[in-house]
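Engineer: give me a 3D structure for the following:
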Amino acid sequence: MMPFLRGRRREPPAMTLEGVLGPNGRLDEARGMKVDAPDAVCVAADRHLLFSSGARLMALDAWGGEPRPVATFDAPVTALCAGPDGRLAIGLAGGRAAVLDASGRPEDGWALPAGSVASVVDCAFLSGEELLLVDCGYGSGDDLLARAAWDDEARGQLVALGRSGQTRFVASGLHCPMGVSLDGQGGMLVPLLERAGIADASGRVRQGGYPGYLGRLRKTANGYVLACLSRRDPLIEFLKTEHAFVAEMKAKIEPRHWIAPRANPEFSHDFPIELGATRLFGEVKPWAPSFSYGLLIELDASLMPVGSAQSRANGRRHAICDVADWNGELIAVSRASGEILNLGAAA
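Structural biologist: A predicted model of the protein is given here:
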C-alpha cells in the first residue's frame, strides 16, 4: 500500500456531483442561441451583451433580438472584457491583444511583444492604462484539455500590458490558468484548469476540490460563477497513480485518443471507454461514462458552491467556457454545441 500512496501526485478532488452540485438538466433546458464558434462573453459598460463568434465580435441589445457586428479581426477571438470607461479588450489567437475605444475604433498601442505569451485566454482592465492578460501556456494549436490533464509543467502566467506596449509579469509558474476575476479588494482570483482550484496571483489556492476542469470565473451580485470545460473523471484521477501507463499512452498514442477530458460529446468506437456509454436500449444514458460534460458552478463570496447547471452524458451543451451576469440572468457559452445559453436568474 505504501508504494501506491507514494506514487500519487496528489489526492483527487474532494467535491462530488451531489448536494448543491447534484446532477440536473439546467443547461439542456436553457434558452439557446446558435453562434458560429463562440468562445468569450462579457457585458459592456452600456449593458449590451458582447460575445465572440470566430474572428468577429458581436453585440446583443436584448435576449431574442438580432445580434449586430461590432468588429472583425484577422484571427479568432480568444478572450474578451469590458472596462468601465467603455473600452473593450480582445484576446486573439496567436498570443495577441487589441483594445477598442468606446466608439468601437481600435486604439493605438496595446501591442504585445512578439512571442511574449503563448496565448491570451482571458483579460481584465487593471486601470485605464493597464490590461491584465492570462496566458495559459498553450498555443491555439495545442490540444489543451488533453495536454493539460497530463502535463506537470507550470508554464502559465499573468502579464500586465501597458498602453504604450510595456509589459510586466504579475505572476508566473501557474499550472494552466484559464481566467481571472478581480475581487474588488485589489486581489486576483485565477481558476486553474487541471488543479481543481482557484488561486490568487501568488499561486496560493484560495479554494480547491472542484469537480471540474475549470474555465473562466466571473463576479456576480452575490458571489461568483465558474465555467467548467468538463467534469473530473474518476478514471483520469485514478490513472494519475499509474505513471508507466500514462507515459506509454503519451508516447504511443496521439492526444486525440488519450484518456483525457474532451470538449465535444462526439462518439467514436476508437475513443477509450466510450463503448460504456453506448448503448442501453439504443440510447446514451445521462449517467453513462463520458469524458465531455456541461458544468457551471455558482459560488458564494467565499468561493463555496451554492448551485450548478449541468448537461450530462446524453446532452450536447458541453464545454462551458465562459459566463456572464447580464441584467440578473446568467449567460453561458457552450463551445461544444455552438450556443449562447440563457439560464435565467442565478441561485
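Engineer: doesn't Glu237 fall inside a helix?
Structural biologist: Yes - assigned with DSSP: H, G, I helix; E, B strand; the rest coil, Glu237 falls within a helix.
Engineer: pull out the buried residues from stretch 127-142.
Structural biologist: By neighbour count, with 16 or more other CB atoms under 10 Å as the criterion, the buried positions of stretch 127-142 are 131-138, 140, 142. Yep, even glycine has a C-beta here, placed from its N, CA and C like the rest.
Engineer: please apply the same query to stretch 188-208.
Structural biologist: Neighbour-count burial for stretch 188-208 flags 188-199, 201, 203, 207-208 (criterion: 16+ other CB under 10 Å).
Engineer: closest one to Val225 out of those, please.
Structural biologist: Minimum distance to Val225 across the buried residues of stretch 188-208 is 11.2 Å, recorded for Pro191 (CB to CB).
Engineer: that closest one: what's it in contact with?
Structural biologist: By CB atoms under 8 Å, 6 or more residues apart in numbering, Pro191 lies in contact with 177-179, 197-198, 214-217, 226.
Engineer: that one - nearest residue in space that isn't next to it in sequence?
Structural biologist: Distances taken as CB to CB, 6 or more residues apart in numbering place Leu214 nearest to Pro191, at 3.9 Å, with adjacent residues excluded.
Engineer: also Cys228?
Structural biologist: Of all residues not flanking Cys228 in the chain, Gly212 sits nearest, at 3.1 Å (CB to CB, 6+ apart).
Engineer: secondary structure element holding the residue nearest to the spatial centre of the chain?
Structural biologist: A centroid search over the chain (CA atoms, centre = their mean) returns Gly215, at 2.1 Å, as the residue closest to the centre. Assigned by DSSP states H and E, Gly215 belongs to strand 212-219.
Engineer: partners of that strand, with directions?
Structural biologist: Strand 212-219 has the following strand partners under DSSP bridges: strand 224-231 (antiparallel).
Engineer: residues touching Leu21, list them.
Structural biologist: Counting by CB under 8 Å, 6+ apart, Leu21 touches 15, 211, 297, 305, 308.
Engineer: again, 10 Å this time
Structural biologist: In this structure, Leu21 makes contact with 15, 210-212, 231, 295, 297-298, 305-308, 310, judged by CB atoms under 10 Å, 6 or more residues apart in numbering.
Engineer: repeat that for Tyr293.
Structural biologist: 17, 23, 27, 211-213, 228-233, 261-262, 265, 310-313, 315, 317-320, 336.
Engineer: and Cys228, what does it touch?
Structural biologist: The contact partners of Cys228, by CB under 10 Å, 6+ apart, come to 178, 191, 193, 196, 210-216, 261, 293-297, 308, 310, 318-321, 323.
Engineer: which ones among those map onto strands?
Structural biologist: Per DSSP state E, strands hold the following members of those: 191, 212-216, 294-297, 308, 310, 320-321, 323.
Engineer: of the residues you listed - the most surrounded one?
Structural biologist: Within the ones in strands among the contacts of Cys228, most neighbours by other CB atoms under 10 Å means Gly294, with 32 neighbours.
Engineer: against Val159, how distant is it?
Structural biologist: Distance, Gly294 to Val159, by CB to CB, to the nearest Å: 31 Å.
Engineer: farthest pair within the contacts of Leu21?
Structural biologist: Largest separation among the contacts of Leu21 by CB to CB: Arg231 and Val306, giving 18.0 Å.
Engineer: between these two, tell me which one has more neighbours.
Structural biologist: Taking other CB under 10 Å, Arg231 and Val306 do not tie; Arg231 has more neighbours (25 against 16).
Engineer: which residue packs closest to the more buried one, ignoring adjacent ones?
Structural biologist: Excluding its sequence neighbours, the residue lying closest to Arg231 (CB to CB, 6+ apart) is Tyr293, at 4.0 Å.
Engineer: show the pLDDT at the one you found.
Structural biologist: Per-residue confidence (pLDDT) for Tyr293: 95.
Engineer: let me have the contacts of Pro191 in TSV, adding pLDDT and distance to Glu237 as columns.
Structural biologist: Converted to TSV, those look like this (pLDDT from 0 to 100; distance: CB to CB, whole Å):
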residue	pLDDT	distance to Glu237
Pro177	97	21
Met178	97	19
Gly179	97	22
Gly197	96	14
Ile198	97	19
Leu214	97	15
Gly215	97	19
Arg216	98	23
Leu217	98	22
Leu226	98	19
